Every structure is written in structure tokens, then in C-alpha cells.
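Undergrad: here you go, sequence then predicted model.
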Amino acid sequence: MAANFPFFSSQATGRESLWPAAASTPVDRIRRLVWKIAFATLALMAVGSATRVMNAGLACPDWPLCYGQLVPQQQMNLQVFLEWFHRLDAALIGLSTLWLVGLCAWYRRQVPGWLPWAAVGALLLIGLQGALGGLTVTQLLRFDIVTAHLGTALLFFSAMLVIATCLLPYRSTGTVGRLPWLGLGATAIVYVQCLLGGLVGSRWAAHQCLGLRELCQVMNSHLLGILPATAAVVTLTWTVWRTPALTYPLRRLGSLASMLLVFQLVLGIATFRLRLQVEPLTVAHHTLGAALVGTLVCFTALAWRDSHSNLSPHHLGADPSDRPAAAVTATPEVAGAAEV
């Protein structure tokens with residue numbers, strides 16, 4: 001069993017993993033593609049953050065081309081490169097999502113029934129994201145559009161992670177209790193906190209508050225949001241540690257969420273103390289926030305699967321051999337004893 005789950009386990013421990021080894025079934029191929037799209041989306045958000053921090057959002061004055069060209073060689077500098085590469089990554093993700101929809105349609109008889117619909121939903125999200133990306137340029141970085149652009153990117157990132165997690169083979173124990181609801185609550189709170197951070201960035205509220213004493217209420221809303229976000233993640237991880245017989249992937253994701261929270265708080269404090277003058281630190285702070293959302297999304301999706309362990313493996317997209325032990329068909333001797 002451990003050989004099929006190399007990511008969150010080792011062969012010595014025999015523990016389950018969240019990342020199955022390479023396989024050749026349609027579900028496996030689609031799952032690997034979805035993971036790649038998810039990581040590319042995280043990289044896209046990091047590049048987008050660098051684009052904003054470096055004040056490069058309008059380095060390409062037109063859209064979707066840049067100076068009317070696919071590759072503006074004559075105008076190329078660091079700012080133009082950031083904006084151009086951001087668009088290139090977004091275009092590749094859009095094409096990959098189209099490929100995902102095509103694969104799901106082609107293998108629709110061999111994949112769970114919900115998967116093609118989920119792929120179409122993801123394609124709609126990426127279409128909305130592209131439209132918002134164009135509006136950020138044509139509307140000269142209007143703060144509400146920029147914030148909506150970030151929010152949609154996080155939604156698409158979360159959708160990819162949910163799809164990939166639901167396609168993983170997973171052996172549930174049915175001991176999660178209220179963890180699915182705690183995970184959902186923590187995800188929502190941290191998502192809103194990320195949007196508040198995006199609003200602070202899109203309005204340059206931190207710079208204006210620290211320098212001109214303006215828009216301080218916008219910055220303070222993000223600072224106050226640290227309290228509920230921290231409380232939600234700490235409550236989740238504390239409950240994870242206190243829940244007996246919890247699956248190894250859920251324990252690892254709970255621990256990862258707490259570690260990301262600590263690093264995020266440290267980066268946030270350092271960014272604030274340095275008055276946002278160290279651009280790589282600010283980009284790391286934004287990217288780690290998105291990674292924390294992704295971790296909570298994966299945890300919540302797995303926790304909901306665990307709480308609904310009575311669903312058939314085919315319905316979930318998992319290997320039938322990974323059913324819970326309680327779902328294994330009884331032997332004739334056991335069945336006879338049960339009838340007596």
C-alpha cells in the first residue's frame with residue numbers, strides 16, 4: 001500500500017499519502033493534470049503579486065497583447081517582463097483547463113459523473129478570471145476589479161484542489177466528527193482575510209496609512225482580520241491533534257496549516273515593520289496566504305470525504321481497493337453468523 005502513496009508517507013511507515021504514484025488510468029491522468037494546473041495557478045498568483053508590488057500592472061498598456069505584440073522585445077524590461085509573463089502563465093493555464101475539459105469529455109464513461117461538470121465550472125471560472133484580468137488593464141487598475149481578480153484566482157485555485165483531492169484514493173476512518181465544518185469555516189475566514197489583504201494592496205492602503213495617514217481603516221481591517229483567521233486555524237489544528245484514529249493525510253494537512261500560519265504571521269509582522277519596502281518579503285507573504293488557503297481546502301475536501309465514507313469508491317473517483325475496512329464484503333462464514 002505504501003508504494004502507491006509516496007508523497008505524504010514512506011515505505012518504512014506504510015502510512016497513506018495524498019499523492020499516488022504514477023498510473024495510466026484516465027482518472028490518474030486527469031488528476032495529475034489538475035495538480036499541475038493548481039500549482040501553476042499558485043505560481044500565477046505569486047507573479048501577479050510581484051507585478052503589483054513592482055508597480056508593473058500597467059507596464060503593458062494594451063490587452064491582451066503587450067505593445068501590440070506577442071513578445072515586446074524592444075520594450076522589454078523588468079516591469080514589462082513581469083506583466084507579460086503573468087499573462088503568458090494565465091494563457092497556459094487557460095489552455096490547460098480547456099484540455100482538462102476535453103479529457104473529461106473524452107473519458108466521460110470512465111470517470112466519476114461529477115467530473116466533467118466540475119471541469120466545465122472551472123473553465124467558466126478561468127474565463128471570468130481572464131475577463132477581470134483584461135479589465136484591470138483597461139480600467140487602469142481599479143481597486144475593486146483588482147481585488148475581484150484575486151478573489152476569482154483563489155476560487156479557481158481552490159476548485160482545482162477540490163477536484164484533485166476528490167480524485168485521490170483515500171482510506172477513511174469515519175472519525176472526523178466536526179472537522180469538516182471546522183475546516184470549511186477556517187477556509188472561508190482565511191479566504192476573506194486574503195481578500196482584505198488584496199484590497200490593502202490594490203489601494204496601496206498600507207503605504208498611504210504609514211506615510212500620509214490615509215486609508216488607515218482599510219489597513220486596520222486586514223490587521224484585525226488576523227485574530228479570527230488565527231483563531232480558526234488554531235482551533236482546527238488543535239481539534240486535529242485531539243481527534244483519535246484520524247487518517248495520516250488529515251493529520252499532516254492539519255500540521256501543515258499550523259506551520260504555514262506561523263510563517264505567515266512572521267512574514268506579516270516583518271513586512272509591516274519594514275513598511276513594505278522589501279518587495280520579495282511582500283510577495284512571499286501574499287503567496288503563503290494563498291498556500292494556506294489551498295492547504296485548508298485540501299483538508300476540508302478530505303474531511304468531507306471521510307465523513308461520507310459510505311459513498312461508493314467509484315462515485316468518489318477512488319480505487320475500489322481503497323474502501324474503508326468496514327465496507328469490505330463479509331466472508332460467507334461471517335455472513336452466516338450475522339444471519340443467525
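TA: Looks like it came in fine.
Undergrad: contacts, neighbours, all on C-alpha from now
TA: OK.
Undergrad: can you pull out the helices in the stretch 101-250 of the chain?
TA: 114-138, 143-166, 179-202, 205-212, 216-224, 226-242, 248-273 (DSSP state H, counting those that start in this stretch).
Undergrad: same list, the ones you listed, but as a markdown table with distance to residue 38, mean neighbour count and mean pLDDT please.
TA: Formatted as a markdown table, these follow (distance: least, CA to CA, whole Å; neighbours: other CA atoms under 10 Å; pLDDT from 0 to 100):
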| stretch | distance to residue 38 | mean neighbour count | mean pLDDT |
| --- | --- | --- | --- |
| helix 114-138 | 11 | 19 | 95 |
| helix 143-166 | 6 | 22 | 96 |
| helix 179-202 | 16 | 21 | 95 |
| helix 205-212 | 30 | 16 | 82 |
| helix 216-224 | 26 | 17 | 91 |
| helix 226-242 | 22 | 17 | 96 |
| helix 248-273 | 17 | 18 | 94 |
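Undergrad: mind putting these in a markdown table, distance to residue 91 included?
TA: Below are the helices of the stretch 101-250 of the chain laid out as a markdown table (distance: least, CA to CA, whole Å):
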| stretch | distance to residue 91 |
| --- | --- |
| helix 114-138 | 9 |
| helix 143-166 | 13 |
| helix 179-202 | 22 |
| helix 205-212 | 30 |
| helix 216-224 | 31 |
| helix 226-242 | 32 |
| helix 248-273 | 29 |
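Undergrad: so which elements touch whichever strand or helix holds residue 289?
TA: Here residue 289, judged by DSSP states H and E, is contained in helix 279-307. Packing partners of helix 279-307 (3 or more CA pairs under 8 Å, 6 or more residues apart in numbering; DSSP states H and E): helix 26-53, helix 143-166, helix 179-202, helix 248-273.
Undergrad: now the angle from it to helix 26-53?
TA: Orientation check (axes from the mean of the first three to the mean of the last three CA atoms, to 10 degrees): helix 279-307 against helix 26-53 gives 150 degrees.
Undergrad: mind listing what's buried in helix 279-307?
TA: 281-307 (16 or more other CA atoms under 10 Å).
Undergrad: hang on, the earlier thing: pipe the helices and strands packed on helix 279-307 into CSV and attach distance to residue 129 per row.
TA: Shown next, in CSV, are those (distance: least, CA to CA, whole Å):
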stretch, distance to residue 129
helix 26-53, 11
helix 143-166, 6
helix 179-202, 15
helix 248-273, 26
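Undergrad: so residue 159 sits against residue 120, correct?
TA: No: using CA atoms under 8 Å, residue 159 is not in contact with residue 120; the gap is 11.1 Å.
Undergrad: need the nearest residue in space to residue 181, chain neighbours excluded.
TA: residue 300 (7.8 Å; CA to CA, 6 or more residues apart in numbering).
Undergrad: what about residue 234, distance to residue 227?
TA: Applying CA to CA, to the nearest Å, the value for residue 234 to residue 227 is 11 Å.
Undergrad: if you could redo that for residue 123, that was the one I meant.
TA: 35 Å.
Undergrad: swap in residue 140?
TA: For residue 140 relative to residue 227 (CA to CA), the value is 33 Å.
Undergrad: residue contacts, the residue minimising distance to the centre of the chain?
TA: What sits nearest the mean C-alpha location of the chain, by CA atoms, centre = their mean, is residue 294, with 3.1 Å. Residue 294 is in contact with 157-158, 161, counting by CA atoms under 8 Å, 6 or more residues apart in numbering.
Undergrad: confidence score at it?
TA: pLDDT for residue 294: 97.
Undergrad: so, low pLDDT: which residues of the stretch 1-150 of the chain?
TA: For the stretch 1-150 of the chain, the stretches flagged by pLDDT under 70 are 1-23.
Undergrad: about what we covered before: switch the contacts of residue 294 over to CSV; also include distance to residue 239.
TA: Shown next, in CSV, are the contacts of residue 294 (distance: CA to CA, whole Å):
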residue, distance to residue 239
157, 26
158, 23
161, 23
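Undergrad: of all the helices and strands packed on helix 279-307, which lies closest to residue 111?
TA: Residue 111 lies closest, by CA to CA, to one member of those: helix 26-53, at 6.1 Å.
Undergrad: let me know the angle separating that closest one from helix 143-166.
TA: 160 degrees.
Undergrad: tell me the buried residues in helix 26-53?
TA: Result for helix 26-53 [16+ other CA under 10 Å]: buried residues 27-28, 30-38, 40-53.
Undergrad: centre of the chain versus that helix, how much separation?
TA: On the basis of CA atoms, centre = their mean, to the nearest Å, helix 26-53 is displaced by 9 Å from the centre of the chain it belongs to.
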